[in-house]
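J.: mind looking at a prediction? Sequence and model below.
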Amino acid sequence: MKTVDARGQLCPKPLIMVKKALGEIAENESLEILIDNETSVKNVTRFLEEHHMKVQTEKRGETYRLLVSKTGEIPATTMAEDYCEAPAPLKADYVIAFQKNTLGQGVEELGQLLIKGFINTLPEMDKKPGTLVFLNTGIFLALKQSPVLESLKRLEKEGAKILVCGTCLDYYQKKDELGVGIISNMYDILDELSRAGKVLYP
Amino acid sequence: MCYSTILTFASTHQVLMAEKLLLAEGIPHDIIPTPKNISSDCGMSIRVRTGGNNIETIKSVLSGHSIGFAIAEIKN
């Protein structure tokens, strides 16, 4: 059985190697393909299935072993590049944790001014945060009367997850005044923080 | 094309004073960092959300309290 070793190769290389190998074997003959990343597995599988070839996949350690029997033809006009997955959009892997309703240390009125400028700038950023967490007096930023409510709503609408500490809303008796985001607990908040690529504490 | 009106000030203290006055008048606004194309200073400005309608009120409120400011229009 012929083997294509596409480990360490990035799209469209594995697809080109598979296409070439299929051209070299007889009908109904089997081909083994070795790949070491999930994206390429998906791309190659789609490539083969759309050309009427059934794929069996198994994972051994870091290597995926795909087994295919040549039950179809891949026309010479098929472009391997077309089967590369579109690159993922600029994905935000950072979380911002607001632990108070001011930015930095110092005089309160300056801290309040700075946090407004900070939050109102976030919707303009190319790389927006994936999640915003509001704790302690930070929850005041997510209330209905918050001066930055519009910016937070815009971020939420564009896909950011907004978690507001339920214990804190309860302590300050502001549960009824929540203007954006979802009431959350320490399990979910800690889960978000621990998964984040980066956490910013303004 | 959509434009925003930005109020810029000579000092942060004036931004804070202006913010208080606008709040008292109930004029919707946002605190934003001064856009880079207006000034390279690390300053804060006030973006007026409702466009030009309020500008005369804003002018009289701020001038009445001797707050110096400049008005810039930026494309959104």
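T.: Sure, I can see it.
J.: burial of residue A:26, as a residue count?
T.: 6 (other Cβ atoms under 10 Å in any protein chain shown). C-beta: built from backbone N, CA, C; applies to glycine.
J.: which helix or strand contains it?
T.: If you go by DSSP states H and E, residue A:26 is not part of any helix or strand.
J.: residue contacts, it?
T.: Counting by Cβ atoms under 8 Å, 6 or more residues apart in numbering or on different chains, residue A:26 makes contact with residue A:70.
J.: separation between it and residue A:69?
T.: 11 Å (Cβ to Cβ, to the nearest Å).
J.: now swap in residue A:142 and tell me
T.: Taking Cβ to Cβ, one finds residue A:142 at 57 Å from residue A:69.
J.: more neighbours, these two?
T.: residue A:142 (29 against 16).
J.: just the pLDDT for the more buried one.
T.: With respect to pLDDT, residue A:142 has a value of 98.
J.: and for residue A:87?
T.: 50.
J.: bridging residues for the residue of chain B found nearest chain A?
T.: Residue nearest to chain A within chain B (Cβ to the nearest Cβ): residue B:31, separated by 3.7 Å. Taking DSSP bridges as the rule, residue B:31 bridges to residue B:46.
J.: so it sits right up against residue A:118, yeah?
T.: No. Between residue B:31 and residue A:118 there is no contact under Cβ atoms under 8 Å: 9.3 Å.
J.: and those two? Which one has more around it.
T.: Higher neighbour count among residue B:31 and residue A:118: residue B:31, with 24 against 21, using other Cβ under 10 Å.
J.: for the more buried one, give me its contacts.
T.: Residue B:31 makes contact with A:113, A:116-117, A:120, A:147, B:15, B:19, B:44-47 under the criterion Cβ under 8 Å, 6+ apart.
J.: please redo it, this time with the cut-off set to 7 Å
T.: A:113, A:116-117, A:120, B:19, B:44, B:46 (Cβ atoms under 7 Å, 6 or more residues apart in numbering or on different chains).
J.: show me where chain B has helices.
T.: Remark: helices assigned in chain B by DSSP state H are B:12-25, B:55-64.
J.: okay, those in JSON lines with distance to chain A next?
T.: What follows is those, written out as JSON lines (distance: least, Cβ to the nearest Cβ, whole Å):
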{"stretch": "helix B:12-25", "distance to chain A": "6"}
{"stretch": "helix B:55-64", "distance to chain A": "17"}
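J.: want to throw the ones you listed into TSV with mean neighbour count?
T.: Shown next, in TSV, are those (neighbours: other Cβ atoms under 10 Å in any protein chain shown):
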stretch	mean neighbour count
helix B:12-25	16
helix B:55-64	14
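J.: starting at the chain centroid, how far to the longest helix along chain A?
T.: For chain A, the helix with the greatest residue count under DSSP H is helix A:108-121. Mean C-alpha position of helix A:108-121 versus that of the full chain (Cα atoms, centre = their mean, to the nearest Å) differs by 29 Å.
J.: can you name every helix or strand that it contacts?
T.: Here helix A:108-121 touches helix A:149-157, helix B:12-25, strand B:29-33, going by 3 or more Cβ pairs under 7 Å, 6 or more residues apart in numbering or on different chains; DSSP states H and E.
J.: list the contacts for residue 67?
T.: Let's take chain A. Residue A:67 is in contact with A:30, A:32, A:56, counting by Cβ under 7 Å, 6+ apart.
J.: try again with chain B
T.: Counted by Cβ under 7 Å, 6+ apart, residue B:67 has contacts B:14, B:17-18.
J.: tell me who's in contact with residue 70.
T.: Going with chain A. Residue A:70 neighbours (Cβ under 7 Å, 6+ apart): A:22, A:25, A:27-29, A:31, A:53.
J.: can you look at chain B instead?
T.: residue B:8.
J.: show me what it is bridged to.
T.: For residue B:70, the beta-bridge partners are residue B:8 (DSSP bridges).
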